[in-house]
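*Asks:* Give me a 3D structure for the following:
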Amino acid sequence: MLKIICKKSYDTDASEIVKKVTYGNFGDTDGYEETLYVTSDGCYFLYTNGGVDSKYPKEDIKRTSKSKAEEWLSNN
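*Replies:* Numbering: from 1, shown residues only. Next up, the predicted model:
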């Protein structure tokens, strides 16, 4: 997935996965996944996607700071 945020590209195909966390089982309407990525220039973003009843009912990308990424990693 590719998303432009503030004129910067965040691309799951061109970035490195730091960690992926899945909640629920495949096909669960309330299940979802969160994947932390880092770009080649050191920017972090969170890719989210889930079932229709989850907190992420459609796929999205949210940029995040390094400190927020470290916090996310320590909680997951």
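
*Asks:* Please enumerate the strands of this protein.
*Replies:* For the chain, the strands defined by DSSP state E cover 2-5, 8-11, 16-23, 32-38, 44-50, 60-64.

*Asks:* Now tabulate those strands in TSV and tack on mean pLDDT, distance to residue 70 and mean neighbour count.
*Replies:* Where you see a C-beta, it was placed from the backbone N, CA and C, and this is true even at glycine. Formatted as TSV, these follow (pLDDT from 0 to 100; distance: least, C-beta to C-beta, whole Å; neighbours: other C-beta atoms under 10 Å):
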stretch	mean pLDDT	distance to residue 70	mean neighbour count
strand 2-5	94	20	12
strand 8-11	94	18	15
strand 16-23	97	10	12
strand 32-38	97	10	19
strand 44-50	97	9	20
strand 60-64	97	10	17
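
*Asks:* Could you dump those strands into JSON lines with distance to residue 71 added?
*Replies:* Below are those laid out as JSON lines (distance: least, C-beta to C-beta, whole Å):
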{"stretch": "strand 2-5", "distance to residue 71": "20"}
{"stretch": "strand 8-11", "distance to residue 71": "19"}
{"stretch": "strand 16-23", "distance to residue 71": "13"}
{"stretch": "strand 32-38", "distance to residue 71": "11"}
{"stretch": "strand 44-50", "distance to residue 71": "11"}
{"stretch": "strand 60-64", "distance to residue 71": "9"}
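
*Asks:* Which of these sits closest to residue 74?
*Replies:* Residue 74 sits nearest to strand 16-23 of all these, at 10.8 Å, using C-beta to C-beta.
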